[in-house]
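Student: A structural model of the following input is requested.
(one chain, ligands or ions: 1)
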Amino acid sequence: MLKVDHASVFFAARDGRTIHALDRVSFDIPESGFVVALGASGCGKSTLLNAIAGFLPLSEGAITLDGRAVQRPGADRGVVFQRDSLLPWTSVVENVALGLKFAGVKRQARNDLALELLRLVGLAEFAKSFPHELSGGMRQRVGIARALATDPDILLMDEPFGALDSLTREQMQELLVSVWAKTAKKIFFITHSIEEALFLGTQVLLMSPRPGRVIAHFDLDFVKRFAETGDARSIKASPEFAQLREEIRSILHRGNDFRSAA
Ligand SMILES: Nc1ncnc2c1ncn2[C@@H]1O[C@H](COP(=O)(O)OP(=O)(O)OP(=O)(O)O)[C@@H](O)[C@H]1O
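Tutor: As a prediction, the model looks like this:
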């Protein structure tokens, strides 16, 4: 279980002011939980993900993974960013195997595992290609395979599909659900898109503009329905999906009104 307990972050701005980026955020991600943080730009989503990744310290509160305090980056957390961070001079399979190389895994074993992960994301035949030979969606799939290579407890995904066209984005969402259903990993996923959050999350956290707080929390089962039926269109076209989309839109708009009134 990942536990975020009253996490707050203050930054010191260049002009000496203090920026209150995150305010007492608490939530849990149980085994196989898929938690999506949704909110407008600047509400502290990346700050939260970076704290869970161990890239930045909390000012107050605590984050634990299976009872161990998170204080620095570790192989128990795999990270996927919006922009892929693949090494351009090395092949797809070697990019996936990179973390295993650092972990001291022998060449043959790491290649075998990397190939298995490339199969999982549907890219086995591109193992020997170089990143520039792949589309944006394919590069993100390599990023997912790479993040899974060290068998982390949780995947941390910072707007991983934000730069993709809408059709590729939907295909990537569906691929991610199949990876999640097959691996049963915990996932923490950030997005601006209400539809993406509703489709993917077993829990959706709505965050307010600065300071970033969790203002609403939804437990959902659209993702489980999709994993069972494979029918994304009927889920997204359902009255229940549409009603929640409107409810969330109205909460987020109210949040923005508070900000402009302040
Ligand atoms: N290193 C930093 N120093 C100072 N302020 C920062 C720093 N990092 C983030 N901030 C500020 O903290 C707030 C939250 O930023 P954060 O990037 O977490 O938001 P976000 O919700 O992820 O935004 P976006 O969706 O645009 O990526 C913003 O006002 C940002 O300017």
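
Student: pLDDT of the helix or strand hosting Ala147, averaged?
Tutor: Secondary structure assigned from DSSP states H and E places Ala147 in helix 136-148. In this model, helix 136-148 carries a mean pLDDT of 93.

Student: Quick one: classify whichever residue of the stretch 151-262 of the chain sits closest to the ligand as helix, strand or coil.
Tutor: Per C-beta to the nearest ligand atom, the residue of the stretch 151-262 of the chain with the smallest distance to the ligand is Arg210, at 5.4 Å. Heads up, the C-betas are built off the backbone N, CA and C, glycines and all. Here Arg210 takes the coil state, with states given by DSSP: H, G, I helix; E, B strand; the rest coil.

Student: Report whether the expected contact of it with Lys45 is present.
Tutor: No: the pair formed by Arg210 and Lys45 falls short of the contact definition of C-beta atoms under 8 Å, at 11.5 Å.

Student: more crowded one of the two?
Tutor: A side-by-side neighbour count of Arg210 and Lys45, using other C-beta atoms under 10 Å, places Lys45 first with 26 against 17.

Student: Now do the contacts for the closest residue in space to the more buried one that isn't next to it in sequence.
Tutor: Closest residue to Lys45 apart from its sequence neighbours, by C-beta to C-beta, 6 or more residues apart in numbering: Ile190 at 4.4 Å. By C-beta atoms under 8 Å, 6 or more residues apart in numbering, Ile190 lies in contact with Val36, Ala37, Lys45, Ser46, Leu48, Leu49, Met157, Asp158, Glu159.

Student: Strands along this protein, start to end?
Tutor: Here the chain has its strands, by DSSP state E, at 2-12, 18-29, 34-38, 60-65, 68-69, 77-80, 154-158, 186-191, 203-207, 214-219.

Student: Format these as JSON lines; extra columns: mean pLDDT.
Tutor: Formatted as JSON lines, the strands of the chain follow (pLDDT from 0 to 100):
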{"stretch": "strand 2-12", "mean pLDDT": "96"}
{"stretch": "strand 18-29", "mean pLDDT": "95"}
{"stretch": "strand 34-38", "mean pLDDT": "97"}
{"stretch": "strand 60-65", "mean pLDDT": "97"}
{"stretch": "strand 68-69", "mean pLDDT": "96"}
{"stretch": "strand 77-80", "mean pLDDT": "94"}
{"stretch": "strand 154-158", "mean pLDDT": "97"}
{"stretch": "strand 186-191", "mean pLDDT": "97"}
{"stretch": "strand 203-207", "mean pLDDT": "96"}
{"stretch": "strand 214-219", "mean pLDDT": "94"}
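
Student: how about the residues of the stretch 151-262 of the chain near the ligand?
Tutor: Applying C-beta under 6 Å from any ligand atom, we find that the stretch 151-262 of the chain lies next to the ligand at Arg210.

Student: and this protein, what are its domains?
Tutor: 2-76+152-258, 87-151 (the TED database).

Student: Give me the distance between Ala114 and Val93.
Tutor: When C-beta to C-beta, to the nearest Å is the yardstick, Ala114 and Val93 sit 5 Å from each other.

Student: So for those two, which sits in the more crowded spot?
Tutor: When Ala114 is set against Val93 and neighbours are counted by other C-beta under 10 Å, the residue ahead is Ala114, at 28 against 23.

Student: got the contact list for the more buried one?
Tutor: For Ala114, the contact set (C-beta under 8 Å, 6+ apart) comprises Val93, Glu94, Val96, Ala97, Leu100, Ala127, Ala145, Ala149.

Student: Trp180 reaches Phe34, doesn't it?
Tutor: Yes: between Trp180 and Phe34 there is a contact at 6.0 Å, judged by C-beta under 8 Å.

Student: what residues do the two have in common as contacts?
Tutor: With contacts defined as C-beta under 8 Å, 6+ apart, the residues shared by Trp180 and Phe34 are Ile187, Val223.

Student: shared neighbours, Ala114 and Val93?
Tutor: Counting by C-beta under 8 Å, 6+ apart, the shared contacts of Ala114 and Val93 are Ala127.

Student: Many thanks, have a good one.
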